[in-house]
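Chemist: The following block contains a protein sequence and its predicted model.
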Amino acid sequence: MAKADAVYSIAVMENSVPGEYVIESVSLDATVTEMLAEAIESSGTVSPPSDGRFALAG
């Protein structure tokens, strides 16, 4: 359970969290699609790989 005085590091899309809850932020200058594609490509596989649910268009 989250503690009221705890500080957490999270990843969010721009403007998805109200500013009063943000202590510090870093802009990665990348889209969600770019970050997801990089993660999938670097992992080498998507599981399950052959059921047709995933397609990486480029």
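Modeler: That came through fine.
Chemist: Any regions of the protein where pLDDT drops low?
Modeler: Where the chain drops to pLDDT under 70, the residues are 2, 48-50, 56, 58.
Chemist: can you pull out the helices in it?
Modeler: Under the criterion DSSP state H, the chain contains helices at 32-43.
Chemist: Look up how far Gly52 lies from the spatially most central residue of it.
Modeler: Nearest residue to the geometric centre of the chain (CA atoms, centre = their mean): Ala11, 5.8 Å. Using CB to CB, to the nearest Å, Ala11 is found at 28 Å from Gly52. All C-beta atoms are positioned from the backbone trio N, CA, C, and that covers glycine.
Chemist: Equivalent analysis for Val12, please.
Modeler: According to CB to CB, Val12 stands 30 Å off from Gly52.
Chemist: Then Ala39?
Modeler: For Ala39, the distance to Gly52 equals 20 Å [CB to CB].
Chemist: Looking at those two, which one has more neighbours?
Modeler: Each of Ala39 and Gly52 had its neighbours counted (other CB atoms under 10 Å), and the higher figure belongs to Ala39 (10 against 7).
Chemist: residues contacting Val46?
Modeler: Residues in contact with Val46 (CB atoms under 8 Å, 6 or more residues apart in numbering) are Ile40, Phe54.
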